[in-house]
Structure formats: structure tokens, C-alpha cells
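Enquirer: got a sequence here, can you model it:
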Amino acid sequence: MRQVFTSAFALLLIGCPAPGDSDSDIEVDCNSGRTVPLQSVQVPDWPEGTREAVTTLTDLDGRWTAKACGTDILVSIRTASDPASSVELIDVPLQSGHSCGCTIDPDNPKDGDLHPLGYSTLDISVTDYPNPGFREEGSGNVAGLKAALFNSEQGLVLRACKTLFIPPILNLDQTDVDFVFRKTTSGVSGHVRIFGPDGVAEDSCDLTNWVRVGDN
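Expert: Have a look, this model is predicted:
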């Protein structure tokens, strides 16, 4: 079944808990948080790590190479021409420990454990992915991908994720793609999981060895 995306503070991040999923046994409303434009906040009032997160957005923009299950792929990342104009800072956060967030990421806990400081967007295009379901003619062009920004003291600086629909014209048994993109203090990484209904084999790859090769 396709995952439904709800978002804390009008973002991508998915999956709020059902009653009984949290220690408090209270369902969290993933839309109950509040953000404000970064440009409306005085620099001295920026949360710690904000400047680094905005610099990360700027540095990500460009053309990259990476490996997916040993196969060389090309990735284009585009951010806003003025990244600061696209950043929304969290003004009123959800309660700590909430279960909203990038729950499809196999390597990191939910956002409620990570305390994001704000959000922005990325456009990511993937070329030559080994499975046609996530190539440029499939679901490999991801526009307006919502990204959560974090204080780097947590190890994670930026994370974006989304479940994507594989066009039926490709006539694949697999129907959906879970895509995760991360920038940590150790570098850039990602994960792709291509899947379908029960009985259909899954195909997943970690995206490793990221190297920026030029401007868009």
C-alpha cells in the first residue's frame, strides 16, 4: 500500500503515530507545529546550527556522481538561488519524541529524537540508476523534495525523503520507490528501496561515494 505523506510544519516527512505508539499514548498531530521564514528572524535569534545548515544547502547545489549497488550514477541537485529565502525555521515545535518524520530512513531515528531546526526544499534528478523504476524516465526526477535541517551536533545536517510513484507505462512489477537523501557531518549519502505489492521482490541500494563534479 502506498504510504501517505503528512508533514510537520507543511513538509514532506511522513508517518504520525496511531494511538498507543508513543510513551504518552497520545496521537501527535503532525501539522500542529509552526514555522516562520528565516529572513523574518534576526540573525542573533537563529537557532544554533542554522548558518551551517544554510551553507549546506548552498554547497549541495550542483552535479554529483555516486554509486548505487556498485553502479555509477549521476545526480543533479538544485536548491533555491538564495537558499536562505527557502528556509523555514521552527517557531513552535512538536513535543519531543514525536513519531513524525522520515520513518522510511533505515539509518536514522525519527525526527522527534533529532529535533530539527527548520525546513527547505531540493530538486534532485538521478540518471543511470540500475533499476529503471528510479531512472530519469521513471521516478528519478524529484522536484520540491522537502528537507529537514538539523544542528550538526546530532551528526545529521540535512535529510529529505519521499515515497515516489513508478509510472505504469514502464510496466514494472514494482510500483513505488522510497528515496532518502542525507547530508551528515561525514558526507552525503542516500538510500533507495523499490517495491510493490505483496509477493513482488524488493530492490534496494545505498547511495555511496558521492563526489561533486561541477555546477548545474
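Enquirer: in three-state terms, label Leu122 for me.
Expert: On the three-state scheme (DSSP: H, G, I helix; E, B strand; the rest coil), Leu122 is labelled strand.
Enquirer: quick check: chain neighbours aside, which residue is closest to Ser125?
Expert: Once flanking residues are discounted, Ser125 sits nearest to Ser76: 4.4 Å by Cβ to Cβ, 6 or more residues apart in numbering. Using the backbone N, CA and C atoms, a C-beta is placed for each residue, glycine as well.
Enquirer: which helices and strands does the one helix or strand that neighbour maps to pack with?
Expert: For Ser76, the host element (DSSP states H and E) is strand 71-78. Where contact means 3 or more Cβ pairs under 8 Å, 6 or more residues apart in numbering; DSSP states H and E, strand 71-78 is packed against strand 62-68, strand 118-127, strand 203-214.
Enquirer: recalculate using a threshold of 7 Å.
Expert: strand 62-68, strand 118-127 (3 or more Cβ pairs under 7 Å, 6 or more residues apart in numbering; DSSP states H and E).
Enquirer: go through those strands and name the closest to Val36.
Expert: Nearest to Val36 among the helices and strands packed on strand 71-78 is strand 118-127 (9.2 Å), distances taken as Cβ to Cβ.
Enquirer: quick revisit: what sits against the residue nearest to Ser125?
Expert: Contacts were defined as Cβ atoms under 7 Å, 6 or more residues apart in numbering; by that measure Ser76 touches 63, 125, 216.
Enquirer: what bridges to it?
Expert: Arg63, Ser125 (DSSP bridges).
Enquirer: in this structure, which helix or strand is least confident?
Expert: helix 111-114 (a mean of 74; mean pLDDT, DSSP states H and E).
Enquirer: how far is it from where the chain is centred?
Expert: For helix 111-114, the gap between its own C-alpha mean and the chain's C-alpha mean amounts to 14 Å (Cα atoms, centre = their mean, to the nearest Å).
Enquirer: can I get it in CSV, CA atoms only?
Expert: Output in CSV follows, covering the C-alpha atoms of helix 111-114 (Å, rounded to 0.1, in the frame of the first residue of the first chain):
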residue,chain,number,x,y,z
ASP,A,111,12.7,13.5,13.8
GLY,A,112,11.3,13.6,17.3
ASP,A,113,14.6,12.2,18.5
LEU,A,114,16.6,14.6,16.4
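Enquirer: apart from its chain neighbours, what residue comes closest to the most centrally placed residue in the chain?
Expert: Closest to where the C-alpha atoms of the chain average out (Cα atoms, centre = their mean) is Ala160, at 0.8 Å. Spatial nearest neighbour of Ala160, chain neighbours left out: Ala147 (3.9 Å); criterion: Cβ to Cβ, 6+ apart.
Enquirer: can you pull the pLDDT of the one you found?
Expert: Note on Ala147: pLDDT of 92.
Enquirer: look up which residues are beta-bridged to it.
Expert: With DSSP bridges as the rule, Ala147 is bridged to Ser120, Ala160.
Enquirer: gap between it and Gly133?
Expert: 23 Å (Cβ to Cβ, to the nearest Å).
Enquirer: of these two, who's got more company?
Expert: Ala147 (29 against 26; other Cβ atoms under 10 Å).
Enquirer: I'd say the more buried one and Leu122 touch.
Expert: Yes - with contact defined as Cβ atoms under 7 Å, Ala147 and Leu122 form a contacting pair (5.4 Å).
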